[in-house]
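Trainee: missing the sequence, but the structure's below:
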Ligand SMILES: Nc1ncnc2c1ncn2[C@@H]1O[C@H](COP(=O)(O)OP(=O)(O)OP(=O)(O)O)[C@@H](O)[C@H]1O
Ligand SMILES: O=P(O)(O)OC[C@H]1O[C@](O)(CO)[C@@H](O)[C@@H]1O
Ligand SMILES: [Mg+2]
């Protein structure tokens, strides 16, 4: 911290900058903040850094030749997967999972040894979390650990079926629960979890209705699940089991898990749900229960850190793009038409940015990560005026969490404790109307708020595949004896991460990263400050 020099726009090449980039490991990515200023204000090279980890704290001194090794040890420690064998002395058994029809050349079944099949993942297999070597902190989107932006390998555990398992399938009771808001693909994951459990030989599979509330509310009964029952549920959106926010305390959920004799719990949800899954996992450990808690990251917001994307995001973007297209057609066909679309995203602008980019029809994209003014010389309204003058129409896409600082905040929260946002879409609609009326220029505003339409639909092809793999891997992870993990995709590979590592803070759009720059290039919008 001592070497940090605060400038008006951020921190230069100082310890603080490294602290920020490492703490937020990949959340924001870029360490390019304030590059111009930093160039002219060369500061002393930082020599130490506190790596903030959930479970360990490592002081790194970059003059120490072994700092990389220390970093990696800390990394391995943080990304090590919790296992039920950490608390139990359990002997594994050979897996019951195989897709091979085993035949000899003469056609006899069951004579090829299982280990001839190379379909299993070794517990020592790893995938690289990051594959770009940045030559300098000023490279676009650079994520650096030290001031020289040295290459350090960051490995995470590969997901998939193991040869050895820690549960007797015919004794297992497995439960599935879906929490938070709806998301395309929930049914695809439920279906794959059931299919894969049955492939292992599990007969006792249940669904917990309406999220964590299903563990608690009297009158909500668990639903027996089977392949036959869930075969076609992926053809519809929503959750076959129902969802909810809020609900019982962790101890009450674990009481219920104990009373129901659940051995495996598959928890589908966003960041709140992951925090809940982690609390359940911790409580099960405290009570020394042999329960595997495995999460599958779901959210249209795509705001869970470290992973390429969460399931449902692609579909939500595709649907959002349809709303933008309608806004474009309306605006294009009206005299001085202004199409305004508000898109979901509780704390990040991923849907708005990706839908704007994919549609190619947006003139102004506003996200919560980039502050903007509506009024004034450099404000959005002035720019809209120019667009109407030069082009005759325009399209604006605003993320629901954008510009909250311009609005009155009620301070209200939902049942899960999430802040209830003020309506930036309606606010902008009013401001645009008033502005054009004030300058005596005709403007025809068409406001589209597709809200739940972007998440109540069924998964598109790419999400359906993602859900299939994540659901299958969740079951493999539980049978391999892991608990407190999430089944996700990192750097195009399927991996398991400890839940602790993905609940630190929501992932947000890196406003200094390449994707936001691409979006700006596409819209052609100026800086609204
Ligand atoms: N910190 C926490 N600890 C324990 N449980 C939590 C925590 N945060 C949220 N939960 C529980 O997790 C469930 C889902 O949380 P939330 O409503 O925030 O949705 P989410 O999983 O973040 O999904 P979405 O992306 O749809 O918002 C709720 O039942 C809530 O009570
Ligand atoms: O109205 P609900 O169901 O509480 O959910 C709204 C929120 O859920 C999400 O769809 C997912 O987190 C957000 O984009 C949105 O802010
Ligand atoms: Mg959430």
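Mentor: Cool, got the structure. Since we're looking at a predicted model, the values are computed, not measured. Ligands and ions are numbered 1, 2, ... in the order given.

Trainee: could you find the closest non-adjacent residue to the single nearest residue of the stretch 301-450 of the chain relative to ligand 1?
Mentor: Per CB to the nearest ligand atom, residue 416 is where the stretch 301-450 of the chain lies closest to ligand 1, at 3.2 Å. Backbone N, C-alpha and C define where each C-beta goes, glycine included. Closest residue in space to residue 416, ignoring its immediate chain neighbours: residue 245 at 4.1 Å, by CB to CB, 6 or more residues apart in numbering.

Trainee: count of residues packed around the one you found?
Mentor: 18 (other CB atoms under 10 Å).

Trainee: same question, residue 241
Mentor: 26.

Trainee: what secondary structure does it sit in?
Mentor: Under the three-state scheme (DSSP: H, G, I helix; E, B strand; the rest coil), residue 241 adopts coil.

Trainee: so who does the residue lying closest to it once chain neighbours are set aside touch?
Mentor: Setting aside the residues directly before and after it, residue 241 is nearest to residue 207 in space (CB to CB, 6+ apart), at 4.3 Å. Shown in contact with residue 207 (CB atoms under 8 Å, 6 or more residues apart in numbering): 175, 176, 177, 190, 222, 223, 225, 240, 241.

Trainee: so which residues of this protein form helices?
Mentor: Using DSSP state H, the helices of the chain run over 15-23, 35-40, 67-79, 186-200, 227-230, 250-260, 271-286, 313-333, 350-359, 380-390, 424-438, 461-479, 514-523.

Trainee: wait, which of those is closest to residue 405?
Mentor: helix 424-438 (10.3 Å; CB to CB).

Trainee: that closest one to helix 380-390, inter-axis angle?
Mentor: 60 degrees (axes from the mean of the first three to the mean of the last three CA atoms, to 10 degrees).

Trainee: the residue nearest to residue 247 when sequence neighbours are not counted: what's it in contact with?
Mentor: The shortest distance from residue 247 to any non-neighbouring residue, by CB to CB, 6+ apart, is to residue 212 (3.7 Å). Counting by CB under 8 Å, 6+ apart, residue 212 touches 177, 179, 244, 246, 247, 248, 253, 276.

Trainee: what is the burial count for the third one?
Mentor: Spelled out, it's residue 244. 21.

Trainee: residue 179 is in contact with that one, correct?
Mentor: Yes: between residue 244 and residue 179 there is a contact at 6.9 Å, judged by CB atoms under 8 Å.

Trainee: joint contacts of these two?
Mentor: The contact lists of residue 244 and residue 179 share 211, 212, where a contact means CB under 8 Å, 6+ apart.

Trainee: that older thread, distance of the residue nearest to residue 247 from residue 347?
Mentor: Distance, residue 212 to residue 347, by CB to CB, to the nearest Å: 21 Å.

Trainee: same thing with residue 157?
Mentor: 28 Å.

Trainee: residue 65 too?
Mentor: Applying CB to CB to residue 65 and residue 347 gives a distance of 40 Å.

Trainee: repeat that for residue 438.
Mentor: For residue 438, the distance to residue 347 - CB to CB - is 33 Å.

Trainee: more neighbours: which of these two?
Mentor: Set residue 438 next to residue 347 and count neighbours by other CB under 10 Å: residue 347 wins out with 20 against 9.

Trainee: apart from its chain neighbours, what residue comes closest to that one?
Mentor: That would be residue 506: by CB to CB, 6+ apart, it lies 4.7 Å from residue 347.

Trainee: quick check, that neighbour in contact with residue 345.
Mentor: No: in this structure residue 506 lies outside contact range of residue 345 using CB under 8 Å: 10.0 Å.

Trainee: tell me which of those two has more neighbours.
Mentor: Using other CB under 10 Å, the more surrounded residue of residue 506 and residue 345 is residue 345, with 28 against 18.
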